[in-house]
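Participant: following is a predicted model, sequence given first.
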Amino acid sequence: MGVRMRHDPSHTLPSVKTGLYLGLMSGTSQNGVDAAVVAFDRARFDGLVATHTVRYPPALRRRLLKLAGDAHTLALHDYCELDLAVARVFVRAALGALKKGHISPHRITAIGSHGQTVFHAARSRGRGSLQLGDPNVIAAQTGITTVADFRRKDLALGGHGAPLVPAFHYELFAATREARAVINIGGIANLTVLPNRRLDRVTGFDTGPGNALMDEWSLRHRQRVYDAGGRWAASGHADHKLLDALLSDPYFRQIPPKSTGRGYFNLCWAQQRYPALTRLPAEVVQNTFAELTARSIADAVERYARQAARLLVCGGGVRNRFLMQQLQTRLPSRSIELTDAYGLTAQWVEAAAFAWLALRTMKGLPGNVPTVTGARRAAVLGGIYKS
């Protein structure tokens, strides 16, 4: 069964009675910032209004990638400089979305800013999660109240602080009479299991690498930030010794709740797992990285979402046709569809989720799902930064 794709829905400006929030998201792919203006009818998703993406300048992206791969040391001056530089890109993305939608900042109740994760370690001695992109700068330069720092409350309650988007997946995609799963493929891939319309039965976790390894390898060998359509990966073949070495990492056998990040799954990690990596043809390594992503996702689905016949996929990985084909090959009995067919375009799910999380925070409602993160209780997430 093939992967179904749909075109973006047209954006329409809702009535003044409808609440507007703006979500800002930069994931572990670290390509740039997605901005989504989202309409809510009371607290329920009512559609996308405007969207915009701003790419990181190449020099800034290189610094962020280096930091994510080796986040052990960072001078305080460099931290402040990067925090400001990232915030300015977030501001550009927010203002760009407002301009495209012809929306006054005064119509936006709040911005939900995920920030740019540069460190995430939920179970190490120095457990914590750090995102760059000063929300004070975002609030001051947009004139809009900004909600940020969503992860650390959950961590303080003993959770992983991630993934946070499953709560939004439940709101949009859960069905009463059908078990579903949502697969988000960003730099890191995560799985949300939706057995039915009961929130206390929702589970989810990071399955492992999404696009991260493929993107890093493409940048190193082809000076391209990603492998368009997966065409380069498709030109090679999988090296099964490399694949087995990567899949032998203990993370893949850990029982959820669990979360990870680019600080763990990166090229240094791959080199350590298989020292002969650089002696293989580059296209073979790229193909194997795609197989690793497809295999680790498929294994997670088979183990934790057996009853889900329908898999909804979102995130930047949906544009990698080779990866999507490999995923369907690994899960031949499942219906794999983009979230487009269920009310929200795949590219904008995460940005919209942080608009929704901002709404939850502003209304004093919890944003985490303890069955997903492992936190002791549900909690209102993030801090509010007034404009």
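Facilitator: It's in. Numbers count the residues shown, from 1 in each chain.
Participant: any idea how the chain splits into domains?
Facilitator: Split into domains by automatic domain parsing, the chain comes to 19-159+348-385, 166-342.
Participant: for this structure, name the helix or strand with the lowest mean pLDDT.
Facilitator: helix 58-69 (a mean of 87; mean pLDDT, DSSP states H and E).
Participant: tell me which strands and helices that helix is in contact with?
Facilitator: helix 76-100, strand 108-121 (3 or more Cβ pairs under 8 Å, 6 or more residues apart in numbering; DSSP states H and E). Backbone N, C-alpha and C define where each C-beta goes, glycine included.
Participant: try it again at 10 Å.
Facilitator: If you count contacts as 3 or more Cβ pairs under 10 Å, 6 or more residues apart in numbering; DSSP states H and E, helix 58-69 packs onto helix 76-100, strand 108-121, strand 128-132, helix 212-222, helix 267-273.
Participant: that one versus helix 212-222: what angle between them?
Facilitator: With axes from the mean of the first three to the mean of the last three Cα atoms, to 10 degrees defining the directions, helix 58-69 sits at 130 degrees from helix 212-222.
Participant: quick check: angle from helix 58-69 to strand 128-132?
Facilitator: 180 degrees.
Participant: now helix 58-69 - C-alpha only, PDB.
Facilitator: What follows is helix 58-69 as a C-alpha-only set of coordinates in PDB (Å, rounded to 0.1, in the frame of the first residue of the first chain):
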ATOM      1  CA  PRO A  58      25.100  28.600   7.100                       C
ATOM      2  CA  ALA A  59      27.700  29.900   9.600                       C
ATOM      3  CA  LEU A  60      25.100  29.800  12.500                       C
ATOM      4  CA  ARG A  61      23.900  26.300  11.500                       C
ATOM      5  CA  ARG A  62      27.500  25.000  11.500                       C
ATOM      6  CA  ARG A  63      28.000  26.300  15.000                       C
ATOM      7  CA  LEU A  64      24.700  24.800  16.200                       C
ATOM      8  CA  LEU A  65      25.500  21.400  14.600                       C
ATOM      9  CA  LYS A  66      29.000  21.400  16.200                       C
ATOM     10  CA  LEU A  67      27.500  22.300  19.600                       C
ATOM     11  CA  ALA A  68      24.800  19.600  19.400                       C
ATOM     12  CA  GLY A  69      27.500  17.000  18.600                       C
END
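Participant: off-centre distance for it?
Facilitator: 18 Å (Cα atoms, centre = their mean, to the nearest Å).
Participant: what of stretch 247-259?
Facilitator: On Cα atoms, centre = their mean, the centre of stretch 247-259 falls 18 Å from that of its chain.
Participant: gap between the two ends of it?
Facilitator: 16 Å (Cα to Cα, to the nearest Å).
Participant: what about the nearest residue to A282 once chain neighbours are set aside, distance to P332?
Facilitator: Distance criterion Cβ to Cβ, 6 or more residues apart in numbering; nearest residue to A282, sequence neighbours excluded, is H221 at 4.5 Å. The spacing between H221 and P332, counted by Cβ to Cβ, to the nearest Å, is 32 Å.
Participant: N320 now?
Facilitator: Relative to P332, and taking Cβ to Cβ, N320 is found at 19 Å.
Participant: neighbour count winner among those two?
Facilitator: N320 (26 against 9; other Cβ atoms under 10 Å).
Participant: quick one: secondary structure of the nearest residue to that one once chain neighbours are set aside?
Facilitator: Among residues not flanking N320 along the chain, G230 sits closest, at 4.1 Å (Cβ to Cβ, 6+ apart). Following DSSP: H, G, I helix; E, B strand; the rest coil, we place G230 in the helix state.
Participant: I'd say G230 and G316 touch.
Facilitator: No - using Cβ atoms under 10 Å, G230 makes no contact with G316, being 11.8 Å away.
Participant: anything in contact with each of those two?
Facilitator: N211 (Cβ atoms under 10 Å, 6 or more residues apart in numbering).
Participant: just the helices from the stretch 151-300 of the chain, written as ranges.
Facilitator: Taking DSSP state H, counting those that start in this stretch as the criterion, the stretch 151-300 of the chain carries its helices at 152-156, 166-173, 212-222, 231-234, 240-247, 267-273, 282-304.
Participant: can you check what angle separates the third one from helix 240-247?
Facilitator: Our comparison of helix 212-222 with helix 240-247, counting by the same axes, to 10 degrees, yields an angle of 130 degrees.
Participant: and helix 212-222, what's its mean pLDDT?
Facilitator: The average pLDDT within helix 212-222 is 95.
Participant: same question, the second one
Facilitator: Regarding helix 166-173, the rounded mean pLDDT is 96.
Participant: ok, now the longest one?
Facilitator: Averaged over helix 282-304, pLDDT sits at 98.
Participant: and it, what's buried?
Facilitator: The neighbour-count check on helix 282-304 (16 or more other Cβ atoms under 10 Å) flags 282-301, 304 as buried.
Participant: so which of the helices of the stretch 151-300 of the chain is nearest G187?
Facilitator: helix 212-222 (4.0 Å; Cβ to Cβ).
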